[in-house]
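Peer 1: show me the folded form of this:
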Amino acid sequence: MIFSQYYLDCLSQASYLIADETSGQAVIVDPRRDVDEYLADAQERGLTVVGVINTHFHADFLAGHLELAARTGAWIGYGRRAETEYSIRKLADGERIELGDVTLQITETPGHTPESISILVFEQPDDTVPYGVLTGDALFIGDVGRPDLLASTGVTAEELGAMLYDSVHRKLMALPDETLVFPAHGAGSACGKNLSTDRQSTIGRERATNYACAPMDEATFVALVTDGQPTAPGYFGYDADLNRRERELFDPAAVRALAADDFLARRAEGALVVDGRDPAAFAAGHLTGALNVPADGRFAEQSGTVLAPESELLVIAPEGRGAELVTRLARIGFDRVAGYLADPEEVFLAHPELTRQGARLTVHTLREELAGQQPPLVVDVRGAAEREAGAIPGSLHLPLAELPTRHGELPTDRRVVLHCAGGSRSSIAASLLRHHGHRHAYDLIGGYGAWEATPTA
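Peer 2: Coordinates of the predicted model:
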């Protein structure tokens, strides 16, 4: 058997290639949209991709099922409850897919979404203990999938939670302890609240250590898994819907650099500039109105948090990374990207009238201003769990994912200082406020970490 996991740190997303070495038949599970890596590996190993399975309609990324089907002729599989605009193979509970000796068995595990499935992997068709189970977003390492995203309309969080209880406690926990667990996401994903950094586990380990897998009744389970979930980024509903639809295929060859004049012309026509440089470089100089979403982080997810998918976008990237950032936007279905600027410094120098500097404060200056007669409003854009561990006294909590719809609640005639844990999300937040006309928006250098590390006078 060939079993490969592909992991995207920026989206905390795992996909899988499973194949039978003798027959050369392969299936790819939960693929991302840029599919060249899967196809290169298949070609190198002499494999034929016969099928593509999505464990559910993903909300946090646009899956690559259409791209793979177009390039390989593979069928696209979903759980039997899935309804799509494109042709699919509906996979029934208990159905077995033979790739040769390697056999996949479908298990319906609804709860994160109604159509969710898990996939048991057997190295030999008569094995009684599965090699592993691909759990999608039903069971994570250290957590379970959240039932409250409402990616599937018409089903409540409580109804999904009851489904999830049955899927986890009566189906997945019934598997042998030694069965390996391969989820679709890891730590950092907004699809759960307590995900581990580990990329595989076992049923026995999850039974012993996962809070949601401990013996409990259904009502207790539903209350536990719906409480304290992070605010979902705004693009989740868009992607969950788009994954059901026939859509344009991603073409890496279409990603292009723009000449300075073309870039500026499109900006003048209303395209929004996304600047992927680090916060210090952005603060030193950027195009007026640009949003700073640093590339060295969760660029796609955070772009989807503060940008609208219908907006035409222009990208400024760290040197040599323009095509990469456009691809990362495509992974969440943000395809209205006109291109990227290859040499932003040239534009900044030639057009100083179009540039501005970012406003930033050190912790020392913030402490002084908070003790003054006109203290600034401090806004904490971290998640709820981060804030529970400590906060700047008197600060307002407004998570980054809520800022695009709630920025109007903040004053425009008073200095507003935004902070996160280390300074990346606060730069996004401050640039978003300035984009919307908040002239007195500052970000705190070093974030709450710097605040804690700097003693009071």
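
Peer 1: for the rest of this, base every contact and every neighbour count on C-alpha atoms.
Peer 2: Noted.

Peer 1: now do residue 183 against residue 391, distance only.
Peer 2: Residue 183 is 33 Å from residue 391, where distance means CA to CA, to the nearest Å.

Peer 1: same drill for these two, tell me which one is more crowded.
Peer 2: Counted by other CA atoms under 10 Å, residue 183 and residue 391 do not tie: residue 183 has more neighbours, with 25 against 16.

Peer 1: so who does the more buried one touch?
Peer 2: By CA atoms under 8 Å, 6 or more residues apart in numbering, the contact list for residue 183 reads 14, 134, 135, 136, 137, 139, 140, 141, 199, 200.

Peer 1: hmm, which of the residues you listed is lowest in pLDDT?
Peer 2: Within the set of those, pLDDT is lowest for residue 199 (90).

Peer 1: do I have it right that that one meets residue 184?
Peer 2: No: with contact defined as CA atoms under 8 Å, residue 199 does not reach residue 184; the gap is 9.2 Å.

Peer 1: and these two? Which one has more around it.
Peer 2: Between residue 199 and residue 184, counted using other CA under 10 Å, the more crowded position is residue 184 (28 against 19).

Peer 1: measure that one to residue 141 for me?
Peer 2: Distance from residue 184 to residue 141, by CA to CA: 10 Å.

Peer 1: so what's the closest residue to residue 2 other than its chain neighbours up against?
Peer 2: What sits nearest to residue 2 in space, not counting adjacent residues and going by CA to CA, 6 or more residues apart in numbering, is residue 19, at 5.0 Å. By CA under 8 Å, 6+ apart, residue 19 lies in contact with 1, 2, 3, 25, 26, 27, 47, 99, 102.

Peer 1: the first one: neighbour count?
Peer 2: In other words, residue 1. Other residues close to residue 1 by other CA under 10 Å number 19.

Peer 1: do I have it right that it meets residue 123?
Peer 2: Yes: applying CA under 8 Å as the test, residue 1 and residue 123 come out as touching, 6.3 Å apart.

Peer 1: identify the contacts common to those two.
Peer 2: residue 102.

Peer 1: can you give me the strands in the stretch 151-300 of the chain?
Peer 2: For the stretch 151-300 of the chain, the strands defined by DSSP state E, counting those that start in this stretch occupy 180-183, 201-202, 257-258, 272-275, 286-287, 291-292.

Peer 1: okay, now the sheet partners of the last one, with direction.
Peer 2: Sheet neighbours of strand 291-292, with direction, are listed as strand 272-275 (parallel) (DSSP bridges).

Peer 1: chain center to the partner strand: distance?
Peer 2: 19 Å (CA atoms, centre = their mean, to the nearest Å).

Peer 1: can you show me the CA trace of that strand as PDB?
Peer 2: Listed next in PDB are the C-alpha coordinates belonging to strand 272-275 (Å, rounded to 0.1, in the frame of the first residue of the first chain):
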ATOM      1  CA  LEU A 272      -8.200  46.400  -3.500                       C
ATOM      2  CA  VAL A 273      -4.500  46.000  -2.800                       C
ATOM      3  CA  VAL A 274      -3.500  43.100  -0.500                       C
ATOM      4  CA  ASP A 275       0.000  43.700   0.800                       C
END
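
Peer 1: the residue lying farthest from the centre of the chain and residue 43, how far apart?
Peer 2: Farthest-out residue of the chain from its mean C-alpha position, per CA atoms, centre = their mean: residue 373, at 42.0 Å. Residue 373 sits at a distance of 68 Å from residue 43 (criterion: CA to CA).

Peer 1: what of residue 380?
Peer 2: Distance, residue 380 to residue 43, by CA to CA: 49 Å.

Peer 1: which one of those two has more residues nearby?
Peer 2: Taking neighbours as other CA under 10 Å, residue 380 and residue 43 compare with residue 380 leading, 27 against 12.

Peer 1: report the contact partners of residue 89.
Peer 2: By CA under 8 Å, 6+ apart, the contact set of residue 89 is 75, 76, 77, 78.

Peer 1: residue 76 reaches residue 50, doesn't it?
Peer 2: No: Residue 76 is not in contact with residue 50 according to CA under 8 Å; the separation is 9.1 Å.

Peer 1: of these two, who's got more company?
Peer 2: residue 76 (23 against 19).

Peer 1: which pLDDT value does the model give residue 150?
Peer 2: Per-residue pLDDT puts residue 150 at 63.

Peer 1: I should have written residue 188 there, sorry.
Peer 2: For residue 188, the model assigns a pLDDT of 75.

Peer 1: could you point out the longest helix of this protein?
Peer 2: Determined from DSSP state H, the single longest helix within the chain is helix 424-435.

Peer 1: contacts for it, please.
Peer 2: Helix 424-435 has contacts (CA under 8 Å, 6+ apart) with 278-279, 288-294, 306, 358, 381-382, 400, 403-404, 407, 417-420, 439-444, 447.

Peer 1: mind checking how far that helix is from the chain centre?
Peer 2: Counting by CA atoms, centre = their mean, helix 424-435 comes out at 19 Å from the chain centroid.

Peer 1: could you list the low-pLDDT ranges of this structure?
Peer 2: The chain contains residues with pLDDT under 70 at 150-153, 457.
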